[in-house]
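> okay, predicted coordinates and the sequence, questions at the end:
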Amino acid sequence: GDSVTQMEGPVTLSEEAFLTINCTYTATGYPSLFWYVQYPGEGLQLLLKATKADDKGSNKGFEATYRKETTSFHLEKGSVQVSDSAVYFCALTIQGAQKLVFGQGTRLTINP
Amino acid sequence: EAQVTQNPRYLITVTGKKLTVTCSQNMNHEYMSWYRQDPGLGLRQIYYSMNVEVTDKGDVPEGYKVSRKEKRNFPLILESPSPNQTSLYFCASSLSGPVAGYTFGSGTRLTVV
């Protein structure tokens, strides 16, 4: 079946550090890929998405590139801030599947 | 403000006592869905609805019911809650389905004792 695997957390970084959160996927069809972010006590928010190979999604300084050859969608940010502390979820959907398949989430903590 | 509103935010109940978690959206979205979030498992879909009176099972529907009598509302019903339904629940809506991206509610933390 379809699945998403994220790097194990938690991840702790200092402010202004470079961030990478790895995400790989297995899909029976041609997926669309997403990153969602969950701030403490809140619901998930769509951070970025990509719907075809080599597309780059970007938002709020975060980027992720859809790599079909490595079945990956790694999240990156060049300089993190304390306000980026949250749980990040990688997810996919297959056209017509009517659901998102989520990874287990990666908790990110940024220290000042 | 465009939003998905869930109630209650927190609920502690006893095994077997029927409960309903309400979900309402003000964006005129066709699609709505319920997920549960458990540590180490991410989010798993319980039920979804593609339009009024159209609902279908997700990956973990056992022990849950839903209804979609109006476009804006999509309540989750636990007829006889059990401790393994202790979880964090999220309602989500979308204009046309998951590819369009979801708007999530703030969540309902349910504890069944």
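The structure has been received and is ready for your questions.
> hey, let's count contacts and neighbours off CA atoms from now on
OK.
> what residues does chain A put near chain B?
Proximity of chain A to chain B (C-alpha under 8 Å from any C-alpha of the partner chain) is limited to residues A:32, A:41-46, A:89, A:93, A:95, A:98-105.
> burial of B:Ser87, as a residue count?
17 (other C-alpha atoms under 10 Å in any protein chain shown).
> just the buried ones from the residues of chain A next to chain B?
A:32, A:43-46, A:89, A:93, A:98-105 (16 or more other C-alpha atoms under 10 Å in any protein chain shown).
> gap between the residue most central in space within chain B and A:Asn111?
Centrality entry for chain B: nearest residue to the mean C-alpha point is B:Trp34, 3.1 Å, by C-alpha atoms, centre = their mean. According to C-alpha to C-alpha, to the nearest Å, B:Trp34 and A:Asn111 sit 34 Å apart.
> please apply the same query to A:Pro10.
On the measure of C-alpha to C-alpha, A:Pro10 and A:Asn111 end up 13 Å apart.
> those two: which is more packed in?
A:Asn111 (15 against 11).
> what's the closest non-adjacent residue to the more buried one?
A:Ser14 (4.8 Å; C-alpha to C-alpha, 6 or more residues apart in numbering or on different chains).
> look at B:Leu41 and report its pLDDT.
Predicted confidence (pLDDT) for B:Leu41: 86.
> how about the closest residue to it other than its chain neighbours, what does it touch?
Leaving aside its chain neighbours, B:Leu41 sits nearest to A:Gln104 (5.0 Å; criterion: C-alpha to C-alpha, 6+ apart). By C-alpha atoms under 8 Å, 6 or more residues apart in numbering or on different chains, the contact set of A:Gln104 is A:4-6, A:89, B:39-43.
> equivalent analysis for A:Gly43, please.
B:90, B:104-107.
> doesn't A:Asp54 make contact with A:Ala64?
No - using C-alpha atoms under 8 Å, A:Ala64 is not in contact with A:Asp54; the gap is 9.7 Å.
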